[in-house]
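>>> Turn this into a model:
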Amino acid sequence: MKGKFLNGFKFRWNRYKKKKGFFPALYIGLAAIILTVVFFSQKEESSTVDEDFAKDEIFSNDNERFDNEEAKEVLQEEEMIQLPMDPRVKGKTVTKFFDANGAEDELEQSVTFYNNRYYESKGVHLKAEDDTAFDVVAAISGKVKEIKEDPLLGNIVILEHDNGIETYYASLAETSVEENAEVKQGEKLGEAGKNVFHADSGIHVHFEIHKDGIEVNPESFFDEPFQNLVELSLESLDEEKEVEGNDEMESEIEEEEEEDSLMENEEENEESLENNDDLISLA
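Prediction:
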């Protein structure tokens, strides 16, 4: 049986070989099989390479984001805090930061009189020497935390920075940025204007620096590295606040004592006058 099968196969093979075009068809078929195997093997390798490339790209992007954030923080630490006004404008300080231990003339420049009351300045007022409007710019690179309009202080822009530091720009006639926007140092935030609360300052920008919610004197950090502000001790600020609070309390007590003394003197004078009237009537 096996012999018959082999003989039949040889007979058919010999018959096919004698046909015209047999070997070209055989070669084409073998080539097609080989190309199919090569194609699928390359596709599998390509898929593996693409997966590896995608993983590398994701890892690379994560590293790039990390590097960018790290570089941004390093750059900000190296920034020198600048005046919040167009550097081409000649400016001047018309109101200073209130410091209870400051000189008498500086104390006079660090209070605002409004509605029959004096208010301590938590920042500085800067204006152009020619009293014209000017561009208000970011003193430090940061992110726009909030933009609001105040009926007394005008438009306000608040920037947040690293290490719990914020900068505060008020008395703006108009704003040029949006909330959550990243701004670079020197980038325009708006235009200086007037406000009701600081009417005597005319066209100006009211500028404050806060560290962890506590106001610090901006003039102490202009043209100083941002890192100096980061390293500022909050304990010393708290002590200054406590001293100022005690001074205010003592001042209030002294005023109350003076008022009480004046009232006592007035009462004594009234009694004296009444006694004189009684003596005159008896006479």
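>>> Kindly format the C-alpha coordinates of the longest strand anywhere in the chain as CSV.
Identified as the longest strand of the chain according to DSSP state E is strand 165-175. C-alpha atoms of strand 165-175 as CSV (Å, rounded to 0.1, in the frame of the first residue of the first chain):
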residue,chain,number,x,y,z
ILE,A,165,5.2,84.0,49.4
GLU,A,166,2.6,86.3,47.7
THR,A,167,2.8,89.7,46.1
TYR,A,168,-0.1,92.1,46.1
TYR,A,169,-0.7,94.8,43.5
ALA,A,170,-3.6,97.3,44.1
SER,A,171,-4.9,100.6,42.7
LEU,A,172,-4.8,99.3,39.2
ALA,A,173,-7.0,101.2,36.6
GLU,A,174,-7.1,98.0,34.5
THR,A,175,-5.6,94.5,34.5
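>>> Paired strands for that strand, with orientation please.
Sheet pairing of strand 165-175 (DSSP bridges) gives strand 154-160 (antiparallel), strand 188-192 (antiparallel), strand 205-211 (antiparallel).
>>> Quote the end-to-end distance of stretch 224-232.
Terminal residues of stretch 224-232 are spaced 12 Å apart (CA to CA, to the nearest Å).
>>> buried set for it?
226, 229, 232 (16 or more other CB atoms under 10 Å). In short, each C-beta sits where N, CA and C put it, glycine included.
>>> Adding secondary structure, write these out as TSV.
Listed next are the buried residues of stretch 224-232 as TSV, based on DSSP: H, G, I helix; E, B strand; the rest coil:
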residue	secondary structure
F226	helix
L229	helix
L232	coil
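>>> closest to F197 among those residues?
L229 (26.2 Å; CB to CB).
>>> Could you pull up the residues touching that closest one?
By CB atoms under 8 Å, 6 or more residues apart in numbering, L229 lies in contact with 81, 165, 209, 211, 216, 221.
>>> Could you identify the most distant pair in those residues?
I81 and K211 (12.3 Å).
>>> where do the strands sit along the stretch 51-200 of the chain?
Remark: strands assigned in the stretch 51-200 of the chain by DSSP state E, counting those that start in this stretch are 91-95, 111-114, 117-120, 124-128, 135-137, 142-150, 154-160, 165-175, 182-183, 188-192.
>>> per-residue confidence at the residue lying closest to G193 once chain neighbours are set aside?
Among residues not flanking G193 along the chain, A173 sits closest, at 2.8 Å (CB to CB, 6 or more residues apart in numbering). For A173, the pLDDT comes out at 97.
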